[in-house]
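Chemist: Here is a sequence together with a model predicted from it:
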Amino acid sequence: MTESWRPPTRLLRVATLALSLWGVLVLAPCGEAAASRAAVERVQPRVVKIYGAGGLRGLEAYQSGVLVSAEGHILTTWSYVLDTEAVTVILDDGRKFEADLLGADPVLEIAVLKIDAEDLSFFDLAAAVEGDTGMRVLAFSNLYGVATGDERVSVQRGVVAAVTTLAGRQGAFVTPYRGRVYVVDAITNNPGATGGALTDIRGQLLGILGKELRDRRSQAWLNYAVPIAELREAVSDIRAGKFRRRDPAKERLARNPLDLTAFGIVFVPNVVDSTPAYVDAVRPDSSAATSGLQPDDLVLFVGGVLIRSLRDLREQAKLIEQPAEISLIVRRGEELKTVMLQSTDAEAEVGEPREGEQP
Amino acid sequence: MKLPRLLVLVLLVAGFFAAATGPARADVDQAVVEAEARRVAVVERISACTLAIFGAGGAGGGSGVVITPDGYALTNFHVTQPVGNAMKCGMADGKLYDAVIVSVDPTGDVAMIKLFGRNDFPTAEMGDSSQVRPGDWAYAVGNPFLLATDYKPTVSYGMISGVSRYQYPAGTLLEYTDCIQTDAAINPGNSGGPLFDDDGKLIGINGRGSFEKRGRVNVGVGYAISINQIKNFMGYLRSGRIVDHASWGTRAASDDEGRVVISAIQDTSDAYRRGLRYDDEILRFGGREIRTVNGLKNVLGIFPKGWRVPVTYRQDGEVVRTVVRLSGTHAQGELAEMLSGRRTPLPGPDEDPPDENGEKPADGEGDAEAEGDADGEAPEGGEAEEGQPAQGDEDSENPEDARPGAESQELEMPQIVRDHFEARTGFANYYFNQQQQVRVWQALQRNGSFGDLPERWVLTGKASGDDTGEAYFALSPSRGELRLPVFRFEAEFGDELNDLVDPPGSGGLLLALHLWQRFLREGIETFGDVYYLGTVPSRPVDDEAELRRNLFDVLVGVHGGVETRFHFDPTDGKLRTMEVFTDDDVDPCELYFTEYRRDEQRYLPTQIEVRFGDRIYARLELESIQFGPKED
């Protein structure tokens, strides 16, 4: 009996929701043409085009970002596009800047860039709004790299289809992020769209468009944005210095500097100025081997310090005392892995290296 | 992840409720009800003029839109190219109409076709695409996946995502300049269909989308050719020709300060003759301010070959305004060769390629079967993304390639189509060119006929300018005489006229008057090789909208190795301008017939301005024109 009752109730609920939603949707074009145009015009100057590494098929050398301060702080996605010293940001008026990478959060997969500019239009993250299922939204991004120079980023419209977490889809979607997302009914997450803005119909910021994600089993692409509430703290951490690189000019050198080769890692030869910190080989039976580190892993963070190249690693290592154990965040394919390296040397565990054993 | 599915259900149910439950409307805001009714009315209107286009045999296809009551319609070149010269067009009334190709613009991916069977076809209302802004709402109408077996088009609703987008060509074809980007769903089969604004006005022709790794279905990124670009080409598209886009013999780049400067210029180009040089800064072009290289590419792409457009540039600190004649993006005959090489339109090649031309049209034609298309239809439509324009192997997979040969296609043509089709090299359909020639000629004849007059004409009057004083011209078919205060000479008009550039500095005034006489006497049949070019701006004003507002019809006549362009005012049919080109890469002698007076039988010019290059050579005030056999 209960079975036979359930559908009508559900239908009723659906119908009620339907009516209210219909109202919202039908209202859309009525007198709102001007309003949507105005919202779009307000948002577009706050979204930037970012150009960096990549360029091979399937790895676009561009993405999107949003301005979060008048002085040129830019929130964007932490991706291979930023794996270069030369990240370029182009504003909606065509102005072009070289950007500094201030820092990144590898789990949230966001990065903060800084350009040398003033008096920019920006989104106040503190004023970002929360989205809800059924909410009409606009997505702004440099999808497909369509907008160049002073062309403004693309805008698409959609509805928040669900507010849910990616955690339930672990294994299906390859991403370190497990938090809340806005799932959108429109195809917002195209190549280059990541880092763009999801706003409500008035242009108030809701979230940041995520990387392209495809369900391994169903092959379906997911269109989503990460709510600002999930990112706010990390952004202020990065701006405050967390995950920031340390400045060798201002810090005391370590008495016994960090040496990752002692844990069994062999890096690729440092051939150019910005050779990425790729693992070339892992010595058998070393700590690196037991930790699961593999050749071709790209070392991104060492003990919370962002590493951008082998040269960078060498500089940063001078400031870090050789520890008994240290965590690394590496990129393997499109996945981030955290590995823990432990010194196998009993003496080293107490953090007192013996004389004459420095490699 | 049940929610998205639930949402779909919700929308369906909502639609059902809204449609089926009358009383529920009492609870709905009046504004909502009105908006809905308005939208329903718009959809009905824009559906009525939209076409589902199929090949004569029912294969292939795409979409289109009717723009005149007598059945002229727009679609994509890449829709018509595979289906051939005859096609069938389904409309929302459920009927299937025969149609024939009129003109093609392979570079801009536009084609004009004409439907038969009615003189009261529902038509699209023209919009103004330069007023379109991101955030505006839009409707894409067409026949995606060839779904509509009853020819009722599919309507998708969305937002304008961007304007003035530039999408790279495939080879030299299918370049989308200054196009409109929308997230209204544009799928294979939508190609050639209309994009309407929120009021149901036509703002573009859908033809392309970014797809890349997600298969050939919409990902919310579609592109439409702007209707304002097509307006510029409208006269050309009525000409039955294979029309070409413009280039201007220069390359532009951004310098360190972000200025758009000339980085290379051909010394044979009109731009060079008008004084532009390396490193000059381009400030305005075609009535638009130029701020980026893409902006320049965009505005260049909306003009047809042969138009003269205003250009403002800065040279050595000085701002200069000039007017530049645009050349083609393809070499003479190149497009025609390329098109006939792929699919011979019909046997019986004539040789008088008038114009234009390219490359294998195959590249990026983009009408291959959708990968993984669920319905297994043979859709057709959108283009490759810029990253992968050349889809060379598509040809072999293209189902339309298996069509029967050209000859059998002609036999298959319905009678009405056969009556409106004439193959000729260089033309998509010479029938329509001839129609236009006759139209322009007849309009001219309403101003009086010169055909029956004696062959010797004597013009007398005054000249001012380089050579001021009494002016005397005696013109007859084989020889002419010119007497100006300084210059006087006679010339024989034989088979080769290219050398007749006297008087010096005029570009060939006597020759121009000879060709004027010859044209008026002989007409379109016997002047030489004559064809209808299209329409060009009557005045090169520095305002894009104004530029296309007042247009002249142009007939091109080739005689004695000299090409002459005759410009006619469509409002009264009068000849207003002649441009006489004695050679490639030199300025023409230009005659401007600025004033006419009427005698008993005909209108005669009383004032002719003679220009060459950037200068006025002379102003002629004609006091009398005598027609008679008497010699001095």
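Modeler: Happy to help now that I have it. Numbering: from 1, shown residues only, chains lettered A, B, ... in the order given.
Chemist: So what pairs up with the residue of the stretch 201-350 of chain A found nearest chain B in the strands?
Modeler: Across the stretch 201-350 of chain A, the shortest distance to chain B (CB to the nearest CB) belongs to A:Trp221, at 6.4 Å. (C-beta placed from N, C-alpha, C; glycine too.) With DSSP bridges applied, A:Trp221 shows beta-bridge pairing to A:Arg214.
Chemist: Model confidence score at it, please.
Modeler: On the pLDDT scale, A:Trp221 is placed at 84.
Chemist: next one: B:Thr250
Modeler: So B:Thr250 comes in at 95 (pLDDT).
Chemist: Just list whatever residues bridge to it.
Modeler: B:Ile265.
Chemist: quick one: what helix or strand has the closest residue to B:Glu595 other than its chain neighbours in it?
Modeler: Nearest residue to B:Glu595, sequence neighbours excluded (CB to CB, 6 or more residues apart in numbering or on different chains): B:Gln607, at 3.8 Å. Using DSSP states H and E, B:Gln607 maps to strand B:603-612.
Chemist: before we move on, back to that, the residue of the stretch 201-350 of chain A closest to chain B: how many residues sit nearby?
Modeler: 17 (other CB atoms under 10 Å in any protein chain shown).
Chemist: Then B:Asp29?
Modeler: Neighbour tally, B:Asp29, other CB under 10 Å: 13.
Chemist: any idea how far it lies from chain A?
Modeler: According to CB to the nearest CB, to the nearest Å, B:Asp29 stands 7 Å off from chain A.
Chemist: Could you give the residue of the stretch 151-300 of chain A that lies closest to chain B?
Modeler: For the stretch 151-300 of chain A and chain B, the shortest gap (CB to the nearest CB) falls at A:Ala162, measuring 3.6 Å.
Chemist: picking that back up, just checking, the residue of the stretch 201-350 of chain A closest to chain B touches A:Ala193?
Modeler: No - using CB atoms under 8 Å, A:Trp221 is not in contact with A:Ala193; the gap is 11.3 Å.
Chemist: Now do the shared contacts for those two.
Modeler: Counting by CB atoms under 8 Å, 6 or more residues apart in numbering or on different chains, the residues touching both A:Trp221 and A:Ala193 are A:Glu212.
Chemist: for the residue nearest to A:Leu198 when sequence neighbours are not counted, helix, strand, or coil?
Modeler: Once flanking residues are discounted, A:Leu198 sits nearest to A:Ala225: 3.8 Å by CB to CB, 6+ apart. At A:Ala225 the chain is in strand, as set by DSSP: H, G, I helix; E, B strand; the rest coil.
Chemist: list the contacts for A:Ala225?
Modeler: So A:Ala225 contacts A:Ala139, A:Val181, A:Tyr182, A:Val184, A:Thr188, A:Leu198, A:Leu206, A:Gly207, A:Ile208, A:Leu209, A:Gly210 (CB under 8 Å, 6+ apart).
Chemist: Show me the beta-bridge partners of it.
Modeler: A:Tyr182, A:Leu209.
Chemist: Packing partners of the strand holding B:Gln607?
Modeler: strand B:589-598, strand B:615-627 (3 or more CB pairs under 8 Å, 6 or more residues apart in numbering or on different chains; DSSP states H and E).
Chemist: Below-threshold pLDDT in the stretch 101-250 of chain A: ranges please.
Modeler: Scanning the stretch 101-250 of chain A for pLDDT under 70 picks out A:167-174, A:242-250.
Chemist: ok, which stretches of it are helices?
Modeler: A:228-240 (DSSP state H, counting those that start in this stretch).
Chemist: re earlier: report the beta-bridge partner residues of the residue nearest to B:Glu595.
Modeler: According to DSSP bridges, beta-bridge pairing links B:Gln607 with B:Glu595, B:Glu621.
Chemist: residues contacting it?
Modeler: Contacts of B:Gln607 by CB under 8 Å, 6+ apart are B:Phe593, B:Thr594, B:Glu595, B:Arg619, B:Leu620, B:Glu621, B:Leu622.
Chemist: what's the closest of those to chain A?
Modeler: B:Thr594 (42.0 Å).
Chemist: quick one: the nearest residue to that closest one once chain neighbours are set aside and chain A, what's the gap?
Modeler: Distances taken as CB to CB, 6+ apart place B:Gln607 nearest to B:Thr594, at 4.7 Å, with adjacent residues excluded. For B:Gln607, the distance to chain A equals 46 Å [CB to the nearest CB].
Chemist: List only buried entries from the contacts of B:Gln607.
Modeler: For those, a burial check counting by 16 or more other CB atoms under 10 Å in any protein chain shown picks out B:Phe593, B:Arg619, B:Leu620, B:Leu622.
Chemist: can you name the two of those residues that are farthest apart?
Modeler: B:Phe593 and B:Arg619 (11.9 Å; CB to CB).
Chemist: Which residues are in contact with each of these two?
Modeler: B:Gln607, B:Ile608.
Chemist: any idea which element the residue positioned nearest the centre of chain B lies in?
Modeler: The residue lying closest to the centre of chain B (CA atoms, centre = their mean) is B:Phe233, at 2.2 Å. In this assignment (DSSP H and E), B:Phe233 forms part of helix B:227-237.
Chemist: Output the contacting helices and strands for that helix.
Modeler: Checked by 3+ CB pairs under 8 Å, 6+ apart, helix B:227-237 has strand B:96-105, strand B:110-115, strand B:201-209, strand B:529-537, strand B:551-559 packed alongside it.
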